[in-house]
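Colleague: Test case, fold it:
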Amino acid sequence: MLMAHPAVLPGLVDRYWALSVLDAAEGVSPVRREIRDVERALCVATGTGDVHAALMAARHHLPGTGVLDDSVLQRR
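Modeller: Presented below is the predicted three-dimensional model:
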């Protein structure tokens, strides 16, 4: 599978979270289209079909993340 260069992923993830905060703060927001563009870019860059899977895949491909890192799993 083709993966985005690791230098690209942090910027996409950071942009997604920043836009999500703006969108939540404004309710119906003009940034919604930009969020969809970033979601699509994350999906393409990680080879996934939805943004949640893309974020998890990106997290595991970011520099400094170990193979056995389970930090995305919910702890009870």
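
Colleague: Could you list the low-pLDDT ranges of this structure?
Modeller: 1-6, 26-29, 63-76 (pLDDT under 70).

Colleague: How much space separates Leu42 from Arg32?
Modeller: The spacing between Leu42 and Arg32, counted by Cβ to Cβ, to the nearest Å, is 16 Å. (C-beta placed from N, C-alpha, C; glycine too.)

Colleague: and what of Arg40?
Modeller: With Cβ to Cβ as the criterion, Arg40 and Arg32 are 13 Å apart.

Colleague: Same check on Pro10?
Modeller: 23 Å.

Colleague: One more: Leu22?
Modeller: 10 Å.

Colleague: And Leu42 and Arg32? Which one has more around it.
Modeller: Remark: of Leu42 and Arg32, Leu42 carries more neighbours, 25 against 13, as counted by other Cβ atoms under 10 Å.

Colleague: Counting neighbours, what do you get for His61?
Modeller: 17.

Colleague: What residues of the helix or strand harbouring Glu39 count as buried?
Modeller: Glu39 is part of helix 32-46 when elements are defined by DSSP states H and E. Neighbour-count burial for helix 32-46, counted by 16 or more other Cβ atoms under 10 Å, picks out Ile35, Val38, Glu39, Ala41, Leu42, Cys43, Ala45, Thr46.

Colleague: pretty sure the last one is touching His60, no?
Modeller: It refers to Thr46. No. Using Cβ atoms under 8 Å, Thr46 is not in contact with His60, being 9.2 Å away.

Colleague: other SSEs contacting the one helix or strand Ala53 maps to?
Modeller: Ala53 is located in helix 51-61, with elements delineated by DSSP H and E. Helices and strands touching helix 51-61, by 3 or more Cβ pairs under 8 Å, 6 or more residues apart in numbering; DSSP states H and E, are helix 9-26, helix 32-46.
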